[in-house]
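Colleague: The sequence and its predicted three-dimensional model are supplied below.
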Amino acid sequence: MTQTAAKDQEMNDTTVDMKDIVALCKRRGFIFAASDIYGGINGFWDYGPLGTALKNNIRDLWWKAMVVTPPIGPDGLPLQIVGLDSAIIQNPQVWVSSGHVGGFSDPMVDCKETKKRYRADHLIAYAVSHYMEEDQPELKLIPVFEDGTPVEDIIKKFKKLGLGSSLTDYTAIPYSDLNKYHYNDSDDYGMLRLEIGKSDRSLDKQNAIGPDTKEPGTLTDPKAFNLLFETKIGAVQEDASTAYLRGETAQGIFINFKNVVDSSRVKVPFGIAQVGKAFRNEVTPRNFIFRSREFEQMEMEWFCHPDEAPKWFEFWKEERSRWWNSIGVKSDNLIMREHGADELVFYSKGTYDIEYKFPFTAPGYGELEGIANRGDYDLTQHQDGSGQKLEYLDPVAQVKFMPHVIEPAAGLTRGVLAVLCEAYTIDPDRPSGVYLDFHPSVAPIKAAILPLTAKEDHVPLATKIYMELREHFAVELDIKQNIGKRYARQDEIGTPFCFTIDNESLEDNCVTVRHRNSMKQERIAIDGILEFMRKEMAVA
Ligand code: GAP
């Protein structure tokens, strides 16, 4: 079975379908396609009322864990981390020094016929061995598909091309490697060998049939495509006015290292944290908000003595996994993956990715956060590029050195997706058929106050409770519709608690708490609601 087919099989086995999550996000106001009423714009998303609240909650929890109450370090003392909010557009030289102007690119393949553009490293070519006859050893047709193409679509195209419907007699080859594959007449029937350098009888790219075409030869060779968005500054639209939207929040931190050291009381080791928008002109934005062209990052650069970098690298790997667990992204869906030598950028001294098992990557995983040991690359580049000394003077030892950097770089919007996927729970036993199992700390609405009926004295008492709670938490007072429908709506938006006010409440000063996941109900005193909520919101 191919990787794609295996992935598809696994997708069918899991109960959660990405389409349903996307539909719920639109239906309940979490996430909309950007420019929806104009037909959308590929790679951009708008966050609705609940999506904004969810994103802000995750952001605020990260900020608290980093800047407000940073973790306790290995020596038992609290770490020092300060915040920053740098401009999205900086002097273009920043992106030259950082290496983004020269090297921040993906290999891209264009289709001359459909004008579609694909990431070369996402294309898989299928060399069909049963098409090779002894008297006709040339492979004429090589269908190419995007990684993740459903197996039914692959079979459909095979049939259309007259290649039969069997998906067993083929070799799946990364598109970029096509010309490296070689075969000759003496090979066993259908055998393909990788022989780099021999191209006389190679599987020629000219025979490749693009994902959206019927005729071969429409795909170009991969070309490097820079991901930085360009813009022009000022009234004069000439080359000299070109600037870039930031491709990552990290560079704003590096270029302010000296400003922060000179203006605050931080001493190495310390960190600078920043949350904000980043922009990348991704060749193939896909999988909802997983890979978009405008997204948000939560990055922290930890500046330390070179000798201590390995110790801090280990510390941050552990700390960051713990944090994702603490906001409800469970450890059995997370892995820590070390980058192979071929994935590392040349200056990196090691990178691990925290990866999450998204429904569209299962049974595999997709990156959620990278933790990199960047050495002194960034500060040295900016020192060389700006001509400004960026070394740190140790106030005790009075020696100068260039700090090394450990960087935990998380995606905020990708984090929203992981939290949504983790929370999405199918439950045929309740009217909504589904509920969002948010950790109370990230839930957009923490509790709903529901008078059992809109008549009698339920509403004034419910309003009184609501007016008190709203000072402390995001809560909703919902009066309309029958109680079952109101529970169903709160389940679908992931509200952990519903407080129901009934006739008895007027007598005994108690309400019924309904717990979202178990649907269990218990009576608690109205006076105890605030304390109850405080306990439930705590993050481990
Ligand atoms: N400063 C290092 C850096 O930017 P990265 O791995 O390119 O590293 C960090 O990005 C995180 O930002 C990723 O782990 C991912 O969560 C998020 N991210 C990157 N590209 C993204 C995109 N196109 N859409 C959504 N999130 C993205």
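Modeller: In hand now; what should we look at?
Colleague: Tell me how many other residues crowd the residue lying closest to residue 26 once chain neighbours are set aside.
Modeller: Using CB to CB, 6 or more residues apart in numbering and skipping residues adjacent in sequence, the residue nearest residue 26 is residue 32, 6.0 Å away. All C-beta atoms are positioned from the backbone trio N, CA, C, and that covers glycine. The tally of other residues near residue 32 (other CB atoms under 10 Å) stands at 16.
Colleague: Distance of residue 32 relative to the ligand?
Modeller: Separation of residue 32 from the ligand (CB to the nearest ligand atom, to the nearest Å): 17 Å.
Colleague: residues in contact with the one helix or strand that residue maps to?
Modeller: Using DSSP states H and E, residue 32 sits in strand 31-33. Around strand 31-33, the neighbours that count as contacts under CB atoms under 8 Å, 6 or more residues apart in numbering are 22, 25-26, 40-41, 44-48, 51, 288-289, 416.
Colleague: Show me the strands in the stretch 351-500 of the chain, by range?
Modeller: Under the criterion DSSP state E, counting those that start in this stretch, strands of the stretch 351-500 of the chain are mapped to 351-356, 366-375, 392-393, 400-401, 404-411, 424-426, 434-436, 447-451, 475-477, 497-501.
Colleague: got these as CSV, with distance to the ligand, mean neighbour count and mean pLDDT columns?
Modeller: Shown next, in CSV, are these (distance: least, CB to the nearest ligand atom, whole Å; neighbours: other CB atoms under 10 Å; pLDDT from 0 to 100):
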stretch, distance to the ligand, mean neighbour count, mean pLDDT
strand 351-356, 7, 22, 97
strand 366-375, 4, 21, 97
strand 392-393, 21, 16, 98
strand 400-401, 23, 12, 98
strand 404-411, 2, 25, 98
strand 424-426, 19, 16, 97
strand 434-436, 21, 23, 98
strand 447-451, 31, 26, 98
strand 475-477, 30, 20, 98
strand 497-501, 31, 23, 97
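Colleague: and of those strands, who's closest to residue 158?
Modeller: Among the strands of the stretch 351-500 of the chain, strand 366-375 comes nearest to residue 158, with 27.7 Å by CB to CB.
Colleague: what's the closest one packed up against?
Modeller: helix 309-326, strand 351-356, strand 404-411, helix 412-423 (3 or more CB pairs under 8 Å, 6 or more residues apart in numbering; DSSP states H and E).
Colleague: what residues are up against residue 78?
Modeller: Residue 78 sits next to 69-72 when contact means CB under 8 Å, 6+ apart.
Colleague: Name whatever forms a beta bridge with it.
Modeller: Residue 78 has the following beta-bridge partners by DSSP bridges: residue 72.
Colleague: Equivalent analysis for residue 523, please.
Modeller: Note on residue 523: beta-bridge partners by DSSP bridges are residue 512.
Colleague: ok now do it, which residues does it touch?
Modeller: Residue 523 makes contact with 508, 510-513, according to CB under 8 Å, 6+ apart.
Colleague: And it, how far from residue 245?
Modeller: Distance of residue 523 to residue 245, computed by CB to CB, to the nearest Å: 54 Å.
Colleague: got it, and residue 526?
Modeller: Applying CB to CB, the value for residue 526 to residue 245 is 51 Å.
Colleague: and if you look at residue 320?
Modeller: According to CB to CB, residue 320 and residue 245 sit 26 Å apart.
Colleague: more crowded one of these two?
Modeller: Between residue 320 and residue 245, residue 320 has the larger neighbour count (other CB under 10 Å), namely 23 against 19.
Colleague: ok, the more buried one - contacts?
Modeller: Applying CB under 8 Å, 6+ apart, one finds that residue 320 lies in contact with 354, 369, 371, 408, 410.
Colleague: before we move on, what about residue 55?
Modeller: Shown in contact with residue 55 (CB under 8 Å, 6+ apart): 47, 296, 412-413, 416.
Colleague: So which of those is surrounded by the most neighbours?
Modeller: residue 416 (26 neighbours).
Colleague: Leaving out chain neighbours, which residue sits closest to that one?
Modeller: Nearest non-adjacent residue to residue 416 (CB to CB, 6+ apart): residue 55, at 5.1 Å.
Colleague: How about residue 91?
Modeller: With sequence-adjacent residues excluded and distances taken as CB to CB, 6+ apart, residue 91 is closest to residue 243, at 7.9 Å.
Colleague: That neighbour reaches residue 228, doesn't it?
Modeller: No: judged on CB atoms under 8 Å, residue 243 makes no contact with residue 228 at a distance of 9.8 Å.
Colleague: related to what we said a few turns ago, and the two most separated of the contacts of residue 55?
Modeller: The most widely separated members of the contacts of residue 55 are 47 and 412, with 10.7 Å between them, by CB to CB.
Colleague: can you tell me how far residue 127 sits from the ligand?
Modeller: With the distance defined as CB to the nearest ligand atom, residue 127 ends up 31 Å from the ligand.
Colleague: does that residue sit in a helix or strand, and which one?
Modeller: Here residue 127 sits within strand 123-128, counting by DSSP H and E.
Colleague: Paired strands for that strand, with orientation please.
Modeller: Assessed with DSSP bridges, strand 123-128 is paired to strand 142-146 (antiparallel), strand 170-174 (antiparallel).
Colleague: Which one of those lies nearest to the ligand?
Modeller: Nearest to the ligand, of all these, is strand 142-146, at 16.5 Å by CB to the nearest ligand atom.
Colleague: could you list every residue that touches residue 384?
Modeller: The contact partners of residue 384, by CB under 8 Å, 6+ apart, come to residue 97.
Colleague: err, residue 100, not the other one
Modeller: Residue 100 makes contact with 226, 228, 244, 247, 251, according to CB under 8 Å, 6+ apart.
Colleague: tell me the contacts of residue 237?
Modeller: With contact set as CB under 8 Å, 6+ apart, residue 237 has no partners.
Colleague: Reduced to three states, what does it come out as?
Modeller: coil (DSSP: H, G, I helix; E, B strand; the rest coil).
Colleague: ok, it to residue 70 distance?
Modeller: Residue 237 sits at a distance of 45 Å from residue 70 (criterion: CB to CB).
Colleague: swap in residue 31?
Modeller: To residue 70, residue 31 is 31 Å away according to CB to CB.
Colleague: These two - which one has more neighbours?
Modeller: residue 31 (26 against 19).
Colleague: hang on, the earlier thing: list only those of the contacts of strand 31-33 flagged as buried.
Modeller: Among these, those classed as buried by 16 or more other CB atoms under 10 Å are 22, 25, 44-45, 47-48, 51, 288-289, 416.
Colleague: coming back round to it: so the residue nearest to residue 416 sits in a strand?
Modeller: No: using three-state DSSP, the secondary structure at residue 55 is helix, not a strand.
Colleague: coming back round to it: relative to residue 89, which of the strands of the stretch 351-500 of the chain is closest?
Modeller: Nearest to residue 89, of all the strands of the stretch 351-500 of the chain, is strand 404-411, at 20.3 Å by CB to CB.
Colleague: Also compute the angle for that closest one relative to strand 366-375, please.
Modeller: 160 degrees (axes from the mean of the first three to the mean of the last three CA atoms, to 10 degrees).
Colleague: pLDDT at the residue lying closest to residue 379 once chain neighbours are set aside, what is it?
Modeller: In this structure, residue 379 finds its nearest non-sequential neighbour in residue 390, 4.8 Å apart by CB to CB, 6+ apart. Reading off the confidence values, residue 390 has pLDDT 98.
Colleague: do residue 5 as well
Modeller: Looking at residue 5, its pLDDT reads 42.
Colleague: picking up where we left off before, how about the contacts of residue 100 in CSV, adding pLDDT, distance to residue 488 and neighbour count?
Modeller: Formatted as CSV, the contacts of residue 100 follow (pLDDT from 0 to 100; distance: CB to CB, whole Å; neighbours: other CB atoms under 10 Å):
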residue, pLDDT, distance to residue 488, neighbour count
226, 92, 48, 19
228, 96, 46, 19
244, 97, 47, 22
247, 97, 43, 21
251, 98, 46, 25
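Colleague: Make CSV from these and add secondary structure to it.
Modeller: Formatted as CSV, these follow (three-state DSSP):
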residue, secondary structure
226, strand
228, coil
244, strand
247, coil
251, helix
